[in-house]
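> please work out how this folds:
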Amino acid sequence: MSTENEIIEVAGSAPAAAQKKASKVTLLDQLKTEIAKEVTRPEIEIPIPERKGVTVRYSPNITNDQLKAWRRNSTNRKTEELDSIKFSCYVVGQTVTGIFFNNELVLDDDGNAITFASPVVMEMTDTDRPLPDAIRAFFAVDPHLESTALKILDHAGYGDDVDMEDPTKG
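As a prediction, this is how the structure comes out:
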């Protein structure tokens, strides 16, 4: 028996119309792909106005739970009044990722990027606690500390206006 004329069927070969339908990406598929992506905001750098050459990098990826905890920890339990400086210290201190001097990242002796909680920062500011003491001493001017916290929150999206689109235009 000759095998020269035998037809071999390959599994998975389907008619062209079925292949075209299978390879078409639907809007639902595209939406699923988009929603599966991790969303993060890029880090930002903000100079310290009273400290020539000093810039600090922050990650504005702040969750609502973090924001609520910072507010709760900054509120006087007796008066229910928010301490804006303490709140600003939480925002600034918890989002810092690096401190730069003359455009170069400052590292400690072990090669780690320093933050306000680094022992070297507490030593240079002559403080024992990163929050609020070292942060306030590092900034030197409370209004600059508060404005930095507001910038970080703004970059996090807490100050964003969400614009509605007119569905009739398009």
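
> the protein: strands as residue ranges?
Using DSSP state E, the strands of the chain run over residues 44-47, 54-58, 96-101, 104-105.

> tell me the contacts of residue 99?
When contacts are counted by Cβ atoms under 8 Å, 6 or more residues apart in numbering, residue 99 touches 54, 55, 56, 57, 105, 106, 113, 114, 115, 121. Backbone N, C-alpha and C define where each C-beta goes, glycine included.

> please work out which of the strands of the chain is packed deepest.
Mean neighbour count (mean count of other Cβ atoms under 10 Å) peaks for strand 54-58 among the strands of the chain, with a mean of 19.

> roughly how far is that strand from the heart of the chain?
14 Å (Cα atoms, centre = their mean, to the nearest Å).

> give me the sheet partners of that strand and which way each runs.
As defined by DSSP bridges, the strand partners of strand 54-58 come to strand 44-47 (antiparallel), strand 96-101 (antiparallel).

> that older thread, which of the strands of the chain sits closest to residue 133?
Minimum separation from residue 133 across those (Cβ to Cβ) falls at strand 96-101, 15.0 Å.

> residue contacts, residue 131?
86, 89, 90, 93, 116, 117.

> kindly recompute the last result at 6 Å.
Shown in contact with residue 131 (Cβ atoms under 6 Å, 6 or more residues apart in numbering): 89, 93.
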